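A.B. asks: Fold the following, please.
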Amino acid sequence: MRLAWIIALLVWAGGAWAHKGATICIDPGHPSEVGPGTRGKKITEMRAVWLVGQKLERRLKARGIKVVMTKSSEKEKVTNRRRAEIANQAQADLMIRLHCDAQSGRGFATYYPDRAGRAQGRTGPSPEVLRQSKLAATAFHSEAARVLRGHLPVLGLYTDRRTKIGAQQGALTGSIFSEVPVLLVELVVLTHPQDEAFILTDAGQEKLAEALEMGILKALAAVRAAPPAKRPKSPAARE
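C.D. replies: Numbering: from 1, shown residues only. Okay, here's the model as predicted:
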């Protein structure tokens, strides 16, 4: 009971201890092997996530957090596998993938891998990455939703299998190749006029960057406060 209270207190605090020495990999989605992304009437997904990603990068750096971007320009094509490899090479504490959706609803949603999938001859992510990704996504989504309350609807927290590619592979390609905790955020439903109008404005982009920033801080706190995974005892140790 005492341990649970301490963990809850540390997660709630979200203080400097949680992000000291942290590295965050920001992945503004598209273009990739699956195409240039979706389009609204006035802005593309590629443009929208690039603008929000840059604002998020500035916010995190202002806190002393090391930031690694998966691409150096808006239209640079990077495969989803390579994006994950960039986060792995940086030994990121968290990889956050930024996208915009196209569907009938509207609002902000978070996705994370809950099981291993298979793509391009690889099975992944590992059980430990799955465990940490769930911890990170749960804390992240709750805090991001709080920041966005009254500004943008929140669709929910889902697993990769809720997506078209995730349902086919068991997990998204960017998750399968990830060796660090990973989550994907659909910032808005770009095909919805109200969502597009929100992300078109500098104020809307800043609010999304703020929600991402605060969510990331809570995610880092949650992952660092959680006890390490229990390893099964070897047969010899059980005898």
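
A.B. asks: Using neighbour counts, pick out the buried residues of stretch 118-137.
C.D. replies: Neighbour-count burial for stretch 118-137, counted by 16 or more other C-beta atoms under 10 Å, picks out 119, 124, 125, 129, 130, 131, 132, 133, 134, 135, 136, 137. Where C-beta positions appear, they are placed from N, C-alpha and C, glycine not excepted.

A.B. asks: The first one contacts residue 175, correct?
C.D. replies: Spelled out, it's residue 119. No: with contacts defined as C-beta atoms under 8 Å, residue 119 does not count as touching residue 175, sitting 9.4 Å away.

A.B. asks: contacting residues around whichever strand or helix holds residue 118?
C.D. replies: Counting by DSSP states H and E, the element that carries residue 118 is strand 117-119. Under the contact criterion C-beta atoms under 8 Å, 6 or more residues apart in numbering, strand 117-119 has outside partners 81, 123-124, 160, 166, 169-173, 175-177.

A.B. asks: Report the two members of the buried residues of stretch 118-137 separated by the largest distance.
C.D. replies: Within the buried residues of stretch 118-137, 119 and 135 form the most distant pair, 23.7 Å apart (C-beta to C-beta).

A.B. asks: Okay, now the sheet partners of the helix or strand just after the strand holding residue 118, with direction.
C.D. replies: Following strand 117-119 in sequence order, the next helix or strand is strand 122-124 (DSSP H and E). The sheet places strand 122-124 alongside strand 117-119 (antiparallel), with pairing taken from DSSP bridges.

A.B. asks: Tell me how far the strand it pairs with lies from the chain's centre.
C.D. replies: What separates the centre of strand 117-119 from the centre of its chain is 19 Å, taken as C-alpha atoms, centre = their mean, to the nearest Å.

A.B. asks: Same question for stretch 148-155.
C.D. replies: On the basis of C-alpha atoms, centre = their mean, the separation between the geometric centre of stretch 148-155 and that of its chain is 17 Å.

A.B. asks: Give me the buried stretch members for that stretch, please.
C.D. replies: Neighbour-count burial for stretch 148-155, counted by 16+ other C-beta under 10 Å, picks out 148, 152, 153, 154, 155.

A.B. asks: Narrow these to those in strands?
C.D. replies: Counted as lying in strands by DSSP state E, out of the buried residues of stretch 148-155, are 154, 155.

A.B. asks: biggest separation within the buried residues of stretch 148-155, which pair?
C.D. replies: Of all pairs drawn from those, the greatest distance, 11.0 Å, lies between 148 and 155 (C-beta to C-beta).

A.B. asks: and for these two, which residues touch both?
C.D. replies: When contacts are counted by C-beta under 8 Å, 6+ apart, the set common to residue 148 and residue 155 consists of residue 108.

A.B. asks: In contact with residue 22, which residues?
C.D. replies: Each residue near residue 22 by C-beta under 8 Å, 6+ apart is listed here: 65, 66, 93, 94, 220.
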